[in-house]
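**Q** just to be clear, the model below is a prediction. Sequence and coordinates:
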Number of protein chains: 2
Amino acid sequence: MKASVAMIEPNCHFCSDCAVRGFAVCASLDPAELREFEHLGRRVHFGSGETVFSEEDITTSFYNLLEGVMRLYKLLPDGRRQIVGFALPGDFLGMNTSGRHNFSADAIGAVTVCQFAKVPFGRFMEERPHLLRRINELAVRELSQARDHMVLLGRRAADEKLASFLLGWRLRLQSLNGVSDMVPLPMSRQDIADYLGLTIETVSRTFTKLERHGAIEIVHGGISLRDPALVEALAAA
Amino acid sequence: MKASVAMIEPNCHFCSDCAVRGFAVCASLDPAELREFEHLGRRVHFGSGETVFSEEDITTSFYNLLEGVMRLYKLLPDGRRQIVGFALPGDFLGMNTSGRHNFSADAIGAVTVCQFAKVPFGRFMEERPHLLRRINELAVRELSQARDHMVLLGRRAADEKLASFLLGWRLRLQSLNGVSDMVPLPMSRQDIADYLGLTIETVSRTFTKLERHGAIEIVHGGISLRDPALVEALAAA
DNA sequence: CGCCAAATTTGATCTGGGTCAATCGGCTTT
DNA sequence: AAAGCCGATTGACCCAGATCAAATTTGGCG
């Protein structure tokens, strides 16, 4: 939404001690490859609300999210928005066949990405099938998530949507931060609404309803799961 | 839905004169590789309504659709169904990370697939990065379609959904059969409803409404686009 | 051709979630 | 600490699409 005034950090970092080393695309590279890979990417910071790339942009870079959360979305000409996913550290963004990004991505809060120019990255991947295999694995996993999201959007009621979202989000955070009943929600109610195919009012009412039923507690910056089994029952439905 | 009594044809066919040779996964193989590849797949026929594989099945095979149309769908425990896509000749099915199919697939009308056992296919692909690249390309394209479908499900009204579906389906058929204003619809109204996140009644009413407005004509086995520009205006909206 | 079963269309009514309109509450600014 | 702002909540009302209930059409099949 805001004009990009992203800060580019002098590249004084090493892949070997990168926070996402173990589970991002680079997990497929051995130490020798990693040293070469290091020269391909540069760290870039984005502030809250800044746009990292837009739907119709020609793809010149791929991105590996290192820190923070991003919203990935598509807009209709009249401004309706559908958030197609939230990106977390370790997610790889920018693959496409058309030569253009087919969704937009903004930072939710401060974000750090590892940016790769498309051409050198493609050349590097050319002769490293295991990197391609890793990227394919990530694409196939995303495809599976996308299909789950379609079921949610097409066939679930508002309370089921919210319950599934909370559990799914918690699960993704678990692999980064460990298990907890506290679920931080860095995105706004509007973001949640646009992710679930609802309005902000319905999201707010549904949160309140879940809280009244003792399923969750709404706390500053997120929610706390009071009765995980109840929420799971709603989400399974 | 029906128990599978699929007919397995003695493998007397050659990849080189396969109908989907030019645009399926095998498009990435040279003539020598193709001869080897030939021994990996076997043609299998399915009758109308037969299930090719189910959501929770362990993946033992991949499939290349040769002839016919399939519906790909997920079910909720209470029977609600979301169709996540329709497969057409050239589509490659079965990739996943979990070891299980994450959706079910039935034949809509008679279908022929080229079935590959997972392990030998994986071994063959292992040493042919261009085949992997081709599969990745197909996955990334599907991901883009999936995101468009999310926008449709989450943010579009019934008439916009139907108009987008008709145009999208026509476009896919175009690359197989050439341009035409006649759009065959081999799937049932219920299938269309489950694809669009609507009920069968709403789909039927919306078809009638589009016909009354002179946008389409409902003909046996499909529709005819009477005013493509009008339909496009609705779909763009 | 005539009969039954299934698919589709049409009609009447209902309702979940949208729309419109106030508040509310937590930050920032001064 | 008062004012202003913005996101979130709550309330009143409405409507697109769901649900329930018939017709009507279509397709197989003896």
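**A** Looks like it came in fine.
**Q** just the strands in chain A please.
**A** A:7-8, A:41-46, A:51-53, A:61-75, A:81-87, A:92-93, A:104-117, A:182-184, A:216-219, A:222-225 (DSSP state E).
**Q** A:Arg156 is nearest to which of those strands?
**A** Taking CB to CB, strand A:81-87 is the member of the strands of chain A nearest to A:Arg156, at 15.2 Å. Just so you know, the C-beta spots here come from the backbone N, C-alpha and C atoms, and that holds for glycine as well.
**Q** would you convert the strands of chain A into TSV that also reports mean neighbour count?
**A** Listed next are the strands of chain A as TSV, based on neighbours: other CB atoms under 10 Å in any protein chain shown:
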stretch	mean neighbour count
strand A:7-8	10
strand A:41-46	20
strand A:51-53	22
strand A:61-75	21
strand A:81-87	22
strand A:92-93	20
strand A:104-117	21
strand A:182-184	17
strand A:216-219	16
strand A:222-225	18
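**Q** of these, which is nearest DNA strand D?
**A** Of all the strands of chain A, it is strand A:216-219 that lies closest to DNA strand D, at 5.1 Å by CB to the nearest atom of the strand.
**Q** residues contacting the residue nearest to A:Leu143 when sequence neighbours are not counted?
**A** Counting by CB to CB, 6 or more residues apart in numbering or on different chains, A:Leu143 lies nearest to B:Leu143, which is 5.4 Å off, once chain neighbours are set aside. Going by CB atoms under 8 Å, 6 or more residues apart in numbering or on different chains, B:Leu143 touches A:Met95, A:Ala139, A:Glu142, A:Leu143, A:Ala146.
**Q** against DNA strand D, how distant is B:Leu143?
**A** Shown here: B:Leu143 relative to DNA strand D, a distance of 26 Å by CB to the nearest atom of the strand, to the nearest Å.
**Q** could you do A:Gly214 as well?
**A** According to CB to the nearest atom of the strand, A:Gly214 and DNA strand D sit 15 Å apart.
**Q** residues in chain A within reach of DNA strand D, list them.
**A** Residues of chain A lying near DNA strand D by CB under 7 Å from any atom of the strand: A:Ser188, A:Arg189, A:Gln190, A:Ile200, A:Glu201, A:Val203, A:Ser204, A:Arg205, A:Phe207, A:Thr208, A:Ile218.
**Q** please check those and keep the buried ones.
**A** Neighbour counting over the residues of chain A next to DNA strand D (16 or more other CB atoms under 10 Å in any protein chain shown) leaves A:Arg189, A:Val203, A:Phe207 as the buried ones.
**Q** quick check, nearest of those to DNA strand C?
**A** Using CB to the nearest atom of the strand, A:Val203 is the member of those that lies nearest DNA strand C, at 7.6 Å.
**Q** which residue sits closest to that closest one, ignoring its sequence neighbours?
**A** In space, and not counting its chain neighbours, A:Val203 is closest to A:Ala193: 4.6 Å by CB to CB, 6+ apart.
**Q** quick revisit: would JSON lines of the strands of chain A with mean pLDDT and distance to DNA strand C be doable?
**A** Listed next are those as JSON lines, based on pLDDT from 0 to 100; distance: least, CB to the nearest atom of the strand, whole Å:
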{"stretch": "strand A:7-8", "mean pLDDT": "60", "distance to DNA strand C": "20"}
{"stretch": "strand A:41-46", "mean pLDDT": "96", "distance to DNA strand C": "19"}
{"stretch": "strand A:51-53", "mean pLDDT": "98", "distance to DNA strand C": "22"}
{"stretch": "strand A:61-75", "mean pLDDT": "98", "distance to DNA strand C": "16"}
{"stretch": "strand A:81-87", "mean pLDDT": "98", "distance to DNA strand C": "12"}
{"stretch": "strand A:92-93", "mean pLDDT": "98", "distance to DNA strand C": "28"}
{"stretch": "strand A:104-117", "mean pLDDT": "97", "distance to DNA strand C": "13"}
{"stretch": "strand A:182-184", "mean pLDDT": "98", "distance to DNA strand C": "14"}
{"stretch": "strand A:216-219", "mean pLDDT": "98", "distance to DNA strand C": "11"}
{"stretch": "strand A:222-225", "mean pLDDT": "98", "distance to DNA strand C": "12"}
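**Q** need those strands in TSV with distance to B:Phe14, can you?
**A** Formatted as TSV, the strands of chain A follow (distance: least, CB to CB, whole Å):
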stretch	distance to B:Phe14
strand A:7-8	55
strand A:41-46	46
strand A:51-53	45
strand A:61-75	39
strand A:81-87	41
strand A:92-93	39
strand A:104-117	42
strand A:182-184	56
strand A:216-219	60
strand A:222-225	58
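**Q** redo those strands as a markdown table? Include distance to chain B.
**A** As requested, these are arranged in a markdown table below (distance: least, CB to the nearest CB, whole Å):
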| stretch | distance to chain B |
| --- | --- |
| strand A:7-8 | 28 |
| strand A:41-46 | 20 |
| strand A:51-53 | 14 |
| strand A:61-75 | 5 |
| strand A:81-87 | 4 |
| strand A:92-93 | 12 |
| strand A:104-117 | 11 |
| strand A:182-184 | 22 |
| strand A:216-219 | 22 |
| strand A:222-225 | 21 |
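**Q** got a pLDDT number for the residue nearest to A:Leu143?
**A** With respect to pLDDT, B:Leu143 scores 98.
**Q** same check on A:His13?
**A** At A:His13, the pLDDT value in this model is 73.
**Q** ok, now how distant is it from A:Pro89?
**A** Distance, A:His13 to A:Pro89, using CB to CB, to the nearest Å: 15 Å.
**Q** any idea which residue sits dead centre in chain A?
**A** Nearest to the geometric centre of chain A sits A:Ala87, at 0.9 Å (CA atoms, centre = their mean).
**Q** low-confidence ranges in chain A?
**A** Within chain A, the stretches with pLDDT under 70 are A:1-12.
**Q** kindly list the longest helix within it.
**A** Longest helix in chain A, counting residues (DSSP state H): helix A:129-155.
**Q** can you confirm whether that helix lies near DNA strand C?
**A** No - Helix A:129-155 lies out of reach of DNA strand C by CB under 7 Å from any atom of the strand, never closer than 10.3 Å.
**Q** list the buried residues for that helix?
**A** In helix A:129-155, counting by 16+ other CB under 10 Å, buried: A:129, A:131-140, A:142-155.
**Q** and that helix, how far out from the chain middle?
**A** Centroid separation for helix A:129-155 versus its chain: 12 Å, with CA atoms, centre = their mean, to the nearest Å.
**Q** that one vs strand A:61-75, what angle?
**A** Computed by axes from the mean of the first three to the mean of the last three CA atoms, to 10 degrees, the angle separating helix A:129-155 from strand A:61-75 equals 10 degrees.
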